[in-house]
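Peer 1: With the sequence up front, the predicted model follows.
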Protein chains: 2
Amino acid sequence: MISSPLRLGIAGLGTVGAGVVRLLHDHADLLKTRTGRLLQVVAVSARDRTRDRGIDVTGLTWYDNALDLVKDPNVDVVVELIGGSEGVARALVETALKAGKPVVTANKALIALHGYELAALSADNRAPLLFEAAVAGGIPAIKTVREGLAADRLLRIGGILNGTCNHILTVMRKTGQEFAAVLKEVQDLGYAEADPSTDIDGLDAAHKLTILAGLAFGCPVVFDSVYVEGIRHIAAQDHIFAQRLGYRIKLLGIASKIHVGIQARVTPCLVPQYAPIAQVDGVFNAVVAEGEFVGRMMIEGRGAGAGPTASAIAADLVDIARGHAMTLWGVHSEVPKPVRACSISTGESAFYLRLQVEDRPGVIADITAILRDCGISLQSMLQYPAEKEVVSCVPLVLVTHRTSEAAMQTAINQIGALSVVADTPVMIRIETT
Amino acid sequence: MISSPLRLGIAGLGTVGAGVVRLLHDHADLLKTRTGRLLQVVAVSARDRTRDRGIDVTGLTWYDNALDLVKDPNVDVVVELIGGSEGVARALVETALKAGKPVVTANKALIALHGYELAALSADNRAPLLFEAAVAGGIPAIKTVREGLAADRLLRIGGILNGTCNHILTVMRKTGQEFAAVLKEVQDLGYAEADPSTDIDGLDAAHKLTILAGLAFGCPVVFDSVYVEGIRHIAAQDHIFAQRLGYRIKLLGIASKIHVGIQARVTPCLVPQYAPIAQVDGVFNAVVAEGEFVGRMMIEGRGAGAGPTASAIAADLVDIARGHAMTLWGVHSEVPKPVRACSISTGESAFYLRLQVEDRPGVIADITAILRDCGISLQSMLQYPAEKEVVSCVPLVLVTHRTSEAAMQTAINQIGALSVVADTPVMIRIETT
């Protein structure tokens, strides 16, 4: 029975770092019962030594330079909570792995962008790199994919991976407000960053999807090959039309195995309003996995926040203390080479298309002729009178049957160029499967 | 790098056993990549050697007596798929553990009833006993609780743990049919056993809840101390009334930590119709966990069937091959002693009460007087005219505020004894939290 303490050095004492220190303190006995070892913070590094973080740092060695944590012979495991895919965070993780010290991180950008090199470093130095907190906060999504579903061949992985976007879309749907107004509200409440683009332009979700896809399919996916759309272009009326058509709008990251490779995209989607994923509202995240034997399963919970994130980080520490740390991509063979996701144009989907069109004869004939020429068949069409009295344009909503992305792109370009079509057409993919 | 095959002996070749053999065959390369070892079936045991199971058993050693699997020096791991808490299944698991051979089982009754003794045997002989498939089929519920949430203190665990009951309740709600008719339909389709009592009287769910509670709270819960109600008494009109009140009826297993100990019960419950768990319909299972730091999370998927169960069993084999097998209750200290769940009478809840009452003056006064005297306050009351024309009794539905189980039991006994109340009152707990 191992009984020496597992001594931790924590770099970054923001909300999450402070949460980890608090959890390790509050649950010290519990963790010792579950692992047989004391999980003990011995050193920390952060910028401001004087800030009150609501935690007691007395007796801990303080390093102004995070890299010094690695050199401290009393530090067995480095916890990286600085963030960012480059700079200090990357240097710290690489230095720790080279020194053979296990690393736990919540850094999704780092793993998404440098997962291949880090897996190699981790393997070469036999130092595990764990990152449960990088995807979907407190939900053990990574453990579920890499271990819980390890015996099955996964066909599809993804879900609602960004709580800020999901919260904004939920508020838009429930209140009828426009995107900009809700974003401002959410920023004022501190739920979104001052520069919200990482969240609302889909990058954060894409980081997480890249990680999930790499785990599900056993090889790192090149981040730049993941197709990404955000939610800025979704209007209040899209929620109304979606609802009338029996759908809700969610920002989904979806990766799937197809015969020519891997597809991976983050896009707003219409999902059937009674689908389990349609019920996941607000800041909650949900990860859906589909395997040959296991069928479809979904796991949902809080995707962010100090408590859930601390729980995930500490669960990684428990795995290390138990001697159960995994290889980065969950494979035992040599470190798998990165693969590029297929171009979005190889995909297919059903589509929702909202146009602002002039309210005069022949418009629908022109538009449907283009769709016909592109080989796209319509499933339904909604036309409503203008909501204000003095407007020359009315919204026209088209729902297509399943068709290729390439055909749809051609059609949209042609439709958008019609003189009777005002504004850029809004296209949202429909996920019914 | 370990490269010797992990050699398996499988006892029981029913649907699940055949599914395991098929998965290990179909995914052999995948499993080798993920574990570094070949997962190889070398021996099997089942009753009928001649039956066509759709799998190739050529080259496998066949044992008529399952216990002989343990003695086979070529068998490294025993997979027990015979079932039942006693008899051959129990003897096989005990014999294998005593011989120091790891065991994987899907046997919920065995773990629920003998978890304490088996944990001791497993620890004494350093032979892991894994049982992911025992709870919620393909959903990695056990891994989620024992590892994914291992760093948090869990306050509550449970969910929809029996797919047959959930399917019956779903069909009743959607079609308006009575319980007996739906049960017969489900039996004819082969979704329920000829003797369905293990499912519909709540025992199967109670087995699973006992296991989840033991993992969540780190000690085995005495099975007989879990309070169990089935779904036989739920009538078609209960679904109608529930819907009018904004609820759905689900059979839930719920265990929670309270100041005096652990509460554990399996009962039909009214849940708010928009709650995530209310959306889990048909044969799907859902496990909800609530922790101090992680908040609430839910995991849902197929709770039974050859494919999902085989995936869970093989995931346990992957853990063994990776050298990651856990102690039975997830604790590293000495084997935890069993604890009894508190009596149901110590609990509290809001209640739905449906009475058949005579349609004449004074009845409601009598009933509400009893509730008042028991200190129970009403939240709402529904009274509808009789649905058929010539009946002397009408249904009366009462919804109480949160009150103690003991007070409610007293009130029900008194109300049931009133001469104006026909039939036994139907009481269903309301779970809003």
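Peer 2: Right, received. Where do you want to start? Numbering: from 1, shown residues only, chains lettered A, B, ... in the order given.

Peer 1: Contact distance from chain B - what residues of the stretch 251-400 of chain A qualify?
Peer 2: A:274, A:276, A:279-280, A:291-302, A:305, A:307-308, A:310-315, A:317-319, A:322-324, A:326, A:330-333 (C-beta under 8 Å from any C-beta of the partner chain). C-betas here are computed from N, CA, C, even on glycine.

Peer 1: change it to 7 Å
Peer 2: Neighbours of chain B within the stretch 251-400 of chain A, by C-beta under 7 Å from any C-beta of the partner chain: A:276, A:279, A:291, A:293-302, A:307-308, A:310-311, A:314-315, A:317-319, A:324, A:330-333.

Peer 1: Where does pLDDT dip in the stretch 1-150 of chain A?
Peer 2: The model of the stretch 1-150 of chain A has pLDDT under 70 over residues A:1-2.

Peer 1: hmm, 50 instead?
Peer 2: Scanning the stretch 1-150 of chain A for pLDDT under 50 picks out A:1.

Peer 1: about what we covered before: are any of the residues of the stretch 251-400 of chain A next to chain B buried, and which?
Peer 2: Neighbour-count burial (16 or more other C-beta atoms under 10 Å in any protein chain shown) applied to these gives A:276, A:279, A:291, A:293-302, A:307-308, A:310-311, A:314-315, A:317-319, A:324, A:330-332.

Peer 1: Could you tell me how many residues sit around the closest residue to residue A:71 other than its chain neighbours?
Peer 2: Once flanking residues are discounted, residue A:71 sits nearest to residue A:99: 7.9 Å by C-beta to C-beta, 6 or more residues apart in numbering or on different chains. Here the count is done by other C-beta atoms under 10 Å in any protein chain shown, and residue A:99 has 14 residues near it.

Peer 1: cool, residue A:3 as well?
Peer 2: 9.

Peer 1: need the contact list for it.
Peer 2: By C-beta atoms under 7 Å, 6 or more residues apart in numbering or on different chains, the residues touching residue A:3 are A:36, A:37.

Peer 1: For residue A:138, what are phi and psi?
Peer 2: Backbone dihedrals for residue A:138, given as degrees, to the nearest 10, come out at phi -80, psi -10.

Peer 1: can I assume it is in contact with residue A:300?
Peer 2: No. Residue A:138 lies out of contact with residue A:300 (C-beta atoms under 7 Å); the separation is 10.7 Å.

Peer 1: okay, and the common contacts of the two?
Peer 2: The overlap between the contact sets of residue A:138 and residue A:300 (C-beta under 7 Å, 6+ apart) consists of residue B:297.

Peer 1: What residue, apart from its backbone neighbours, is nearest residue A:332 spatially?
Peer 2: Residue A:332's closest residue in space is residue B:36 (C-beta to C-beta, 6+ apart), at 3.3 Å.

Peer 1: Next: residue A:95.
Peer 2: residue A:70 (4.9 Å).

Peer 1: ok, that neighbour - contacts?
Peer 2: Taking C-beta under 7 Å, 6+ apart, we find residue A:70 in contact with A:78, A:95, A:96, A:99, A:101.

Peer 1: Need the three-state assignment for it.
Peer 2: Look at residue A:70: counting by DSSP: H, G, I helix; E, B strand; the rest coil, its state is helix.

Peer 1: With chain B as the reference, measure out to it.
Peer 2: According to C-beta to the nearest C-beta, to the nearest Å, residue A:70 and chain B sit 23 Å apart.

Peer 1: Then residue A:368?
Peer 2: From residue A:368 over to chain B the distance is 37 Å, taken as C-beta to the nearest C-beta.

Peer 1: One more: residue A:404?
Peer 2: In terms of C-beta to the nearest C-beta, residue A:404 sits 30 Å off from chain B.

Peer 1: ok, that residue touching residue A:348?
Peer 2: Yes. With contact defined as C-beta under 7 Å, residue A:404 counts as touching residue A:348 (4.8 Å).

Peer 1: re the thing from before, mind listing which of the buried ones among the residues of the stretch 251-400 of chain A next to chain B are in strands?
Peer 2: A:291, A:295, A:296, A:297, A:298, A:299, A:300, A:301, A:302 (DSSP state E).

Peer 1: Throw these into CSV and include distance to residue A:232 and pLDDT, thanks.
Peer 2: Converted to CSV, these look like this (distance: C-beta to C-beta, whole Å; pLDDT from 0 to 100):
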residue, distance to residue A:232, pLDDT
A:291, 34, 97
A:295, 35, 96
A:296, 30, 95
A:297, 32, 96
A:298, 27, 97
A:299, 28, 97
A:300, 25, 96
A:301, 27, 96
A:302, 25, 92
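
Peer 1: hmm, back to that, quick one: which of the contacts of residue A:70 sit in helices?
Peer 2: Assignment to helices by DSSP state H places the following of these there: A:95, A:96.

Peer 1: Of the contacts of residue A:70, which qualify as buried by neighbour count?
Peer 2: By neighbour count, with 16+ other C-beta under 10 Å, the contacts of residue A:70 hold A:78, A:95, A:96, A:101 as buried.

Peer 1: okay, those residues in a markdown table with distance to residue B:152 next?
Peer 2: Below are these laid out as a markdown table (distance: C-beta to C-beta, whole Å):
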| residue | distance to residue B:152 |
| --- | --- |
| A:78 | 22 |
| A:95 | 30 |
| A:96 | 25 |
| A:101 | 25 |
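
Peer 1: so which of those residues comes closest to residue B:242?
Peer 2: residue A:78 (52.6 Å; C-beta to C-beta).

Peer 1: Setting aside sequence-adjacent positions, which residue approaches residue A:333 most closely?
Peer 2: Residue nearest to residue A:333 in three dimensions, not counting chain neighbours: residue B:33, with 5.3 Å by C-beta to C-beta, 6+ apart.

Peer 1: what helix or strand does the one you found sit in?
Peer 2: Using DSSP states H and E, residue B:33 maps to helix B:28-35.

Peer 1: Over to residue A:171?
Peer 2: helix A:163-175.

Peer 1: Same check on residue A:17?
Peer 2: For residue A:17, the host element (DSSP H and E) is helix A:15-26.
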